[in-house]
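Novice: one predicted model, sequence on top.
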Amino acid sequence: MPAPIIEISHLAKHYGSFQAVRDLNLTVEQGDVYGFLGPNGAGKSTTIRMMMTLIRPTSGDIRIFGLPLHENRSSILRRVGAIVERPDFYNYLSARRNLELLGRLSGADASKSNVNRVLGIVGLGERAESKVKTFSHGMKQRLGLAQALIHNPDLIVLDEPSTGLDPQGMVDMRDLILELAHDHKKTVFLSSHILPEVELTANRMVIINRGKTIIEGSVQELLNAGRLKVTIETTDVPRALEVLRATPNAEWIQSSTDQEIIIMLNRQDIPPAVAALATAGVPLRAVTPVRSLEEYFISLTRESA
Amino acid sequence: MILTAYRVEMSKVFSKWRTFIGFMALAFLIPVVVIAMSVEGGKFLNFATQGLSQNFDINGNLMNGYAVAFIILSSLYVHVPFLITLVAGEVLAGEAAAGTYRVLLTRPLSRSTMVNAKYMAALTYTILLVACMAALSLGLGTSIMGTGDLLVIRQKITVIPVHDLLWRFGFAYSWAALGMITVASIAFLCSALVENAIGPIMTTMALIIVMTIISAIDVPLFDYVRPLFFTTHMNGWKLFFDDPINWQRVATSFSVLLLHIVGCFVATHIVIRRKDILT
């Protein structure tokens, strides 16, 4: 069995008495699109900075491609491309020049054709000669992805890659991540605080909070394991409340407006609940499962408590 | 890897407008001084030698290209450190301020290689600036005002014959480069310590000003610390215009400047190695 691409054990980073990361554990296998989820301030960027050797861990172990990171830094980073937090570049240089210089430092082919190829992948081919200072945040984000891909790495680490992108840009980024994973067989480590982004791209994920692993596993298993907040729109709220209170496994039922009910349900309990409402003759206008990371996270911590 | 990193750093340094401020300043100032001296240099010489003319008979072309180069070196030596810190103080702090440490240090080059490459780029700029100063001063000076003996008034009056001057200027400009490398090294260390580009420039200039003032105040207490200041030894280039040259003093000054350079370079390595990149 091949070694995991990333293996983090008991990782910790302390700043004085503040524990940014504590006892973090995760394993990323080859070919994974691995979601690294957590609310803002959970320790995601600190972990990524430790993975990219930008900061030193207080304790714990990071192994990438089966090798201890700090002893094999250069050989490992040669095979890793990363966006760490917001994309910053040499603003006084063009997009092409930035990629040429960064590519050379990665030991990559910094030829015009290779730079053009990567700029084409991220949709910046026509702005190759423009100075980066004229770029929008979204364009810088795309250039960030280009610099992560310039040396054709095996592992791509993306820290909140959709931040600042417009809706089309977010879709493009998602498609690109899937293409990298499926067509180019890259392993992708995707940090995000947006659950749908991870849900749509990742096959495995970990949720962290306050620097600690909360849960790790397959995306589908984890998402199905948790309860969903379901919004039910109806013109007969009292009758619907009566039926739902009799439904097994329904929790936290309340009417938010005179035409809307919010209820917490397991995914598999949604169809029986809808069927019960229909049988009782409750007029339904919409049944919408809503799941934000925050709520999923709250439900997970509630369950663990 | 170090050569690749050095080339990348040079590309970055010479893509910035601020890099050329120093060259533009010299390209403007030196011709202005040379032309002014060629027009009114006689008056300047009369003023400088008015105390001597009662006892000595001064003849010949003393306000020549070499004299102008000597005057320019004396006066610009005070201002050139500012031009040096503009670049040397920015090479590391600029990465922190712009957030580009994150793209730079996630490459497979080690932090030591990065520091070495940046230091080499800062030194290249420094040496080029001093070389530019030398070429403009000597080249323009001698071509407009001709050559001749050099009258040097220090603790004693020395007249250095024209055939004995070029090698002295060679040493003097090499020393100027050494002094400016010391300034660049201090700015480089400051640049590693802070995360904005202005801090290292201000700190280095403040150090130069404070040390120069302390050196100038004739208080016995300062006699103990004065020999340790790099500013005291930056003026060592003048030693090459003494006759005979005091090589013992040259060696002492050289050692002090070298210690500053090595100390700052090693300290920068230690700071960068231990630095958590949080910007």
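Specialist: Thanks, I have it.
Novice: so which residue is smack in the middle of the chain?
Specialist: In the absence of a named chain, this looks at chain A. Nearest to the mean C-alpha position of chain A, counting by CA atoms, centre = their mean, stands A:Ser192 at 3.3 Å.
Novice: ah, I was thinking of chain B
Specialist: Mean-position check on chain B, CA atoms, centre = their mean. Result B:Met180 at 2.9 Å.
Novice: and it, what does it touch?
Specialist: B:80-81, B:84, B:126, B:129-130 (CB atoms under 8 Å, 6 or more residues apart in numbering or on different chains). Bear in mind the C-beta positions are built from the backbone N, C-alpha and C, glycine included.
Novice: by mean pLDDT, which helix or strand of chain A comes out lowest?
Specialist: helix A:293-304 (a mean of 63; mean pLDDT, DSSP states H and E).
Novice: go through stretch B:214-232 and flag the buried ones.
Specialist: The neighbour-count check on stretch B:214-232 (16 or more other CB atoms under 10 Å in any protein chain shown) flags B:214-215, B:226, B:229-232 as buried.
Novice: tell me how far A:Phe36 lies from A:Leu99.
Specialist: Using CB to CB, to the nearest Å, we find A:Phe36 at a distance of 26 Å from A:Leu99.
Novice: ok, these two, which is more surrounded?
Specialist: Neighbour count, other CB atoms under 10 Å in any protein chain shown: between A:Phe36 and A:Leu99, A:Phe36 has more, with 30 against 26.
Novice: wait, the more buried one touches A:Ser192, no?
Specialist: Yes: assessed by CB atoms under 8 Å, A:Phe36 is found in contact with A:Ser192 at 7.2 Å.
Novice: would you confirm that B:Val225 contacts B:Ser215?
Specialist: No: using CB under 8 Å, B:Val225 is not in contact with B:Ser215, being 9.0 Å away.
Novice: in chain A, which spans are strands?
Specialist: In chain A, the strands defined using DSSP state E lie at A:6-15, A:18-28, A:33-37, A:59-64, A:67-68, A:80-83, A:155-159, A:187-192, A:204-209, A:212-218, A:227-234, A:251-257, A:260-266, A:284-290.
Novice: sorry, slip of the keys, the one I care about is chain B.
Specialist: Going by DSSP E, chain B shows strands at B:150-153, B:157-160.
Novice: so which of those is the most surrounded?
Specialist: strand B:150-153 (a mean of 18; mean count of other CB atoms under 10 Å in any protein chain shown).
Novice: state the mean pLDDT of that one.
Specialist: Mean pLDDT, strand B:150-153: 82.
Novice: partner strands of it, parallel or antiparallel?
Specialist: strand B:157-160 (antiparallel) (DSSP bridges).
Novice: residues in contact with the partner strand?
Specialist: With CB under 8 Å, 6+ apart as the criterion, strand B:157-160 contacts B:52, B:56, B:149-152, B:168, B:241-243.
Novice: please repeat the previous calculation with a cut-off of 6 Å.
Specialist: Contact partners of strand B:157-160, identified using CB atoms under 6 Å, 6 or more residues apart in numbering or on different chains, comprise B:149-152, B:243.
Novice: nearest to chain A among those?
Specialist: B:Leu150 (43.3 Å; CB to the nearest CB).
Novice: is that closest one in contact with B:Tyr66, as I believe?
Specialist: Yes: with contact defined as CB atoms under 6 Å, B:Leu150 and B:Tyr66 form a contacting pair (4.8 Å).
Novice: which residues are in contact with both of these two?
Specialist: B:Leu165.
Novice: ok and the residue in chain B nearest chain A?
Specialist: Counting by CB to the nearest CB, chain B gets nearest chain A through B:Gly99, at 3.4 Å.
Novice: ok, now which ones touch that residue?
Specialist: Here B:Gly99 is in contact with A:88, B:279 (CB under 6 Å, 6+ apart).
Novice: mind redoing it with 7 Å?
Specialist: B:Gly99 makes contacts with A:86, A:88, B:279, as judged by CB atoms under 7 Å, 6 or more residues apart in numbering or on different chains.
Novice: quick check: residues of the stretch 51-200 of chain A near chain B?
Specialist: Within reach of chain B by CB under 7 Å from any CB of the partner chain, the stretch 51-200 of chain A has these residues: A:52, A:54-56, A:73-74, A:77-78, A:82, A:84-86, A:88-90, A:92-93, A:101-102, A:104-107, A:147.
Novice: which of the strands of chain A sits most buried?
Specialist: strand A:33-37 (a mean of 27).
Novice: which pLDDT value belongs to the closest residue to chain B within chain A?
Specialist: Nearest residue of chain A to chain B, counting by CB to the nearest CB: A:Asp88, 3.4 Å away. pLDDT for A:Asp88: 92.
Novice: just the pLDDT for the closest residue to it other than its chain neighbours.
Specialist: The shortest distance from A:Asp88 to any non-neighbouring residue, by CB to CB, 6 or more residues apart in numbering or on different chains, is to B:Gly99 (3.4 Å). On pLDDT, B:Gly99 comes in at 91.
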